[in-house]
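[1] Output the structure for:
(one chain, ligands or ions: 1)
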Amino acid sequence: MANSRGGFSNRLGFILAAAGSAVGLGNIWKFPFEVRDGGGAAFVVMYLGFCFILCTPVMATEIAIGRHTSKDPVGAFRKLGHKKWSFIGIMGVIAGMLILSFYNVVAGWTLGFAIEMFQGNFEVGSNFGSFVADWKTTGAYATAFMLATAFIVSNGVSAGIEKASKILMPTLLVMVLGLMLYALSLPGSAEGLYYYLVPNFSAITMETVYGALGQAFFSLSLGMGTLLTYGSYISKKENIITSSAFITIADVGIAFIGGLMMFSFLGFVAHEQNSSIMDFKGGAGMIFMLLPGSFSSLGPVLGSIIGGVFFVLLSFAALTSTVSLLEVPVAFVVDEMKVERKKAVWGVAAIIFAIGMPSLMSAGGVEFFTEIHFMDWVENIASNTMLPLGGFLISIYGAYVWKKKNLYAEIAEGNPNFKYTLLAKYMEFALKYLCPVILGSITIVTI
Ligand code: PHE
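    Take a look at the predicted model:
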């Protein structure tokens with residue numbers, strides 16, 4: 001696409017970039033502790049159900065709105081003549097900035113841990129508290145991560161985002177498969193997998209249901225205009241439906257494989273410590289605290305290689321996601337404020353970095369709100385409330401404001417027979433009734 005906004009050079013580039021956005025810390029860092037606390041396979045099944053039943057139709061709608069308008073998430077609704085609805089885009093830009101502000105901090109930790117592992121410092125896990133408390137050092141890692149993200153985005157869509165995804169995503173796949181096979185061979189892996197693959201229905205509460213839904217949206221980068229923005233860079237020839245299916249399958253596929261890897265590793269940790277996975281303290285620090293110590297028992301050389309590669313894997317997964325998170329506000333500033341891309345990138349990145357300071361410092365023990373941990377608070381509002389709310393509004397918008405006729409006409413550009421398929425009937429039902437009812441009621445409850 002040779003207009004001034006730039007665009008993906010082909011279908012593979014788009015799918016890899018979108019899958020790169022989806023596959024991230026959400027899959028490998030967040031998924032395991034949510035699964036552990038949410039009833040193992042019971043949570044996994046709910047998550048998969050939400051992804052395919054609710055999220056894929058919303059995803060296709062987001063992509064279609066983006067492609068139809070070739071605009072950022074705010075400009076898109078304006079261009080469609082529904083200026084009032086552009087608040088969906090504004091909310092998305094804000095959600096993206098909030099998510100990136102804390103995500104970048106965690107991404108910085110993964111970078112720091114990779115460096116520590118390669119140096120054979122296995123103590124870093126048991127010293128996690130002092131690692132994050134040293135917020136000047138973690139701040140330096142976070143800075144490095146934001147610089148890398150901004151550098152990629154500043155190079156534009158095809159020479160920056162697409163090119164980085166084409167390198168990072170295949171490497172990531174090789175690393176996650178390799179580590180999974182290795183982890184499966186460790187003692188204790190079978191016990192670990194028990195907590196992943198056997199459902200514990202008694203752990204299901206309303207809270208775990210919201211958790212699974214929030215996780216589905218977060219993991220698919222849905223509800224804040226990421227896919228709308230990426231969709232604005234694709235050609236009319238693309239088949240939006242198969243692309244959405246590919247992106248969803250890539251995301252849940254890596255989450256699933258990542259789960260096999262993580263639960264095998266966690267089982268190994270439990271085996272080493274003579275404890276159970278259920279005894280581990282959950283939350284953001286779980287994998288950082290637990291894994292490094294156990295890597296050491298693989299021997300100094302193998303341990304630092306496996307440990308190092310593991311955290312590089314996390315960094316790579318994070319990087320294609322931070323890139324997409326930055327692209328949303330950047331596209332907004334470029335399209336709506338007519339700022340040149342490079343300037344927009346560095347300005348927006350600096351603002352987001354500043355917003356992330358409280359997360360960085362509160363993780364380091366500098367509490368801002370006495371009772372609440374700032375990072376958890378931002379994470380919870382942005383991913384568990386704003387994303388499903390965004391999904392709710394996008395489904396309403398697609399079904400009742402833009403309307404099926406226009407939405408399906410856009411999809412038909414690259415998929416002429418879509419409207420005659422069963423899938424089209426399902427998508428209509430999902431957007432008109434299923435998504436509004438389920439997402440709406442869940443948003444009301446979480447607020
Ligand atoms: N999907 C990413 C992950 O799983 C996070 C993300 C959320 C990225 C929203 C972009 C938008 O880690």
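
[2] For the stretch 201-350 of the chain, what lies in contact range of the ligand?
    The stretch 201-350 of the chain comes close to the ligand at residues 218-219, 221, 224, 226, 321, 324-325, as judged by CB under 6 Å from any ligand atom. (Each C-beta comes from the backbone N, C-alpha and C, glycine too.)

[3] Who wins on neighbours among the residues you listed?
    Highest neighbour count within these, by other CB atoms under 10 Å: residue 224, with 34 neighbours.

[4] Using the three-state scheme, assign it.
    Judged by DSSP: H, G, I helix; E, B strand; the rest coil, the three-state class of residue 224 is coil.

[5] mind checking pLDDT for it?
    Looking at residue 224, its pLDDT stands at 96.

[6] The strand or helix carrying residue 103: what's the following helix or strand?
    When elements are assigned from DSSP states H and E, residue 103 belongs to helix 86-118. Later in the chain than helix 86-118, the nearest helix or strand by DSSP H and E is helix 128-133.

[7] Packing partners of that following helix?
    Judged by 3 or more CB pairs under 8 Å, 6 or more residues apart in numbering; DSSP states H and E, helix 128-133 is in contact with helix 86-118, helix 135-154, helix 286-296.

[8] lowest average confidence, helix or strand, in this structure?
    helix 374-379 (a mean of 78; mean pLDDT, DSSP states H and E).

[9] Other residues contacting that one?
    Residues from elsewhere that reach helix 374-379 (CB atoms under 8 Å, 6 or more residues apart in numbering): 98-99, 101-102, 105, 283-284, 358-359, 361-363, 367-369.

[10] mind running it again at 6 Å?
    Contacts of helix 374-379 from elsewhere in the structure, counted by CB atoms under 6 Å, 6 or more residues apart in numbering, are 98, 102, 358-359, 362-363, 368.

[11] Right, and the ligand sits closest to which residue of the stretch 201-350 of the chain?
    Proximity of the stretch 201-350 of the chain to the ligand (CB to the nearest ligand atom) peaks at residue 221, 3.5 Å away.

[12] Nearest residue to that residue in space, ignoring adjacent ones along the chain?
    Distance criterion CB to CB, 6 or more residues apart in numbering; nearest residue to residue 221, sequence neighbours excluded, is residue 21 at 4.5 Å.

[13] Now do the same for that neighbour: its pLDDT.
    In this model, residue 21 carries a pLDDT of 98.

[14] same thing with the one 4 residues further on?
    The pLDDT attached to residue 25 in the predicted structure is 93.

[15] Over to residue 288?
    Confidence score, pLDDT, at residue 288: 90.

[16] ditto for residue 364
    Residue-level confidence at residue 364 comes out at 63, pLDDT.

[17] With the one 3 residues further on instead?
    Turning to residue 367, the model gives it a pLDDT of 53.

[18] got a list of what residue 211 touches?
    Residues counted as contacts of residue 211 (CB under 6 Å, 6+ apart) are 34, 38.

[19] Let me know the secondary structure of it.
    helix.

[20] can you tell me which helix in this structure is longest?
    helix 300-337 (DSSP state H).

[21] avg pLDDT for it?
    In this model, helix 300-337 has a mean pLDDT of 97.

[22] where does the protein have low pLDDT?
    Residue ranges of the chain with pLDDT under 70: 1-3, 364-373.

[23] Please pick the buried ones from the contacts of helix 374-379.
    Buried by 16 or more other CB atoms under 10 Å: 98, 102, 358-359, 362-363, out of the contacts of helix 374-379.

[24] quick one, what contacts the residue nearest to residue 232 when sequence neighbours are not counted?
    Beyond its immediate neighbours in the sequence, the residue positioned closest to residue 232 (CB to CB, 6+ apart) is residue 66, lying 3.9 Å away. Contact analysis of residue 66 by CB under 6 Å, 6+ apart lists 228, 231-232.

[25] Could you pick out which of those residues are located in helices?
    Among the contacts of residue 66, DSSP H puts 228, 231 in helices.

[26] For the contacts of residue 66, could you give me JSON lines that also reports neighbour count and distance to residue 446?
    Shown next, in JSON lines, are the contacts of residue 66 (neighbours: other CB atoms under 10 Å; distance: CB to CB, whole Å):
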{"residue": "228", "neighbour count": "31", "distance to residue 446": "23"}
{"residue": "231", "neighbour count": "30", "distance to residue 446": "27"}
{"residue": "232", "neighbour count": "26", "distance to residue 446": "29"}
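
[27] Please tabulate the contacts of residue 66 in CSV, including the columns distance to residue 34.
    Converted to CSV, those look like this (distance: CB to CB, whole Å):
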residue, distance to residue 34
228, 26
231, 28
232, 31
